[in-house]
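Undergrad: Please work out how this folds:
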Amino acid sequence: MKIIIFILGIILVFEGAIYALFPSAFKNLLLQLKDIETEKLRYFGLGAMTLGVVLVWLSGMR
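TA: I've put the predicted structure just below:
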């Protein structure tokens, strides 16, 4: 359970840093996302999830 809390904390640190350091760029990115087809976003999400699983597996945190 500690590792899950640690990972969530790291995710929040990085996400918060993006909002704090680049708020205008992040808003522009969100505006651009609405123009991307839903299927492309879905495939990007699936690819990111797959990469995440592979990285966790390679790190030995099984």
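Undergrad: So what does Asp35 look like in phi/psi?
TA: Phi and psi for Asp35, reported as degrees, to the nearest 10, are phi -90, psi -10.
Undergrad: Against Ala25, how distant is it?
TA: 16 Å (C-beta to C-beta, to the nearest Å). The way it works is simple: take the backbone N, C-alpha and C, and place the C-beta from them, glycine included.
Undergrad: quick one: which of the two has more around it?
TA: Shown here are Asp35 and Ala25; by other C-beta atoms under 10 Å, Ala25 has more neighbours (10 against 6).
Undergrad: To which secondary structure element is the more buried one assigned?
TA: According to DSSP states H and E, Ala25 maps onto helix 23-33.
Undergrad: what's the answer for Val54, then?
TA: helix 38-59.
Undergrad: tell me the angle of that helix relative to helix 23-33?
TA: 120 degrees (axes from the mean of the first three to the mean of the last three C-alpha atoms, to 10 degrees).
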